[in-house]
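Undergrad: Take a look and give me a structure for this.
(2 chains)
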Amino acid sequence: MKNRIEEIRSEKGIRQEEFARQMGVSRQTISSLENGRYNPSILLAYKIAKYFGMTIEEVFIFEED
Amino acid sequence: MYYNNKRLALSFFWVIAGAVLLALSIAEKLDSSLYAGMGGALIAVGVLQIMRNLKYRKDPAYREKVDVEAGDERNRFLRMKSWSWAGYVTILVECVGVIVAMVMGERTVMTLLSYSVCLILCVYWISYLVLNKKY
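TA: Numbers count the residues shown, from 1 in each chain, chains lettered A, B, ... in the order given. Sure, this is the predicted structure:
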């Protein structure tokens, strides 16, 4: 699943460390999410979307195989 | 909160258990140096955990770091995945071991390895049934 986390985070000028701290996860988790190596749980996805003031669909792009 | 009172009590238990083993070894009530080593290791683990626990209570930065590491969902995912791989690899290695032991005529080794494979498979199925009911 693709996402726009890096794009939105950069637009808002938030550093990975700060974003990770706000989400209560490690910086590596944010890095893996941004690189698309790890898909978040629905809870974390919701938390991220809420933090950006967006819906989950606006942050995460669902692609059917 | 990762380091709670329960973990602190467990750490003290390791120290006491280690001290008892060490004391019994020194008093020659236990006839193997293995117990002395085990006692020393338990004391070391217990003391280390107590020190970590105290640091966790006093140092907010360390507390945040530990809580993030323990609660991070990717870390939990990686831990689960690693356990899963460890299980698969163990079963595969043991199955190969059974065949090798059979070819070499090592009946005892073959039997022990076979039992071990059976035990792991039983644990797997029981875990599956329990988790199937839970989720």
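Undergrad: Lowest-scoring secondary structure element of chain B by mean pLDDT?
TA: helix B:60-71 (a mean of 88; mean pLDDT, DSSP states H and E).
Undergrad: what does it contact?
TA: By Cβ atoms under 8 Å, 6 or more residues apart in numbering or on different chains, the residues outside helix B:60-71 that reach it are A:20-21, A:24-26, B:1-3, B:55-57, B:75. C-beta coordinates here come from the backbone N, C-alpha and C atoms, glycine included.
Undergrad: Please identify the residues of chain A in proximity to chain B?
TA: Neighbours of chain B within chain A, by Cβ under 8 Å from any Cβ of the partner chain: A:20-21, A:24-26, A:28-29, A:32, A:38, A:40-41, A:43-44.
Undergrad: if you set the cut-off to 6 Å instead, what comes out?
TA: Contact residues (Cβ under 6 Å from any Cβ of the partner chain) of chain A with chain B: A:25-26, A:29, A:38, A:41, A:44.
Undergrad: Tell me which helix or strand the residue of chain A found nearest chain B sits in.
TA: Going by Cβ to the nearest Cβ, chain B is nearest to A:Thr29 of chain A, at 4.1 Å. Following DSSP states H and E, one finds A:Thr29 within helix A:27-35.
Undergrad: still on that earlier bit, distance of the residue of chain A closest to chain B relative to A:Phe52?
TA: Note on A:Thr29: its distance to A:Phe52, by Cβ to Cβ, to the nearest Å, is 16 Å.
Undergrad: Closest one of the contacts of helix B:60-71 to B:Ser114?
TA: B:Asn75 (35.4 Å; Cβ to Cβ).
Undergrad: any chance you could map the strands in chain A?
TA: A:2-3, A:60-61 (DSSP state E).
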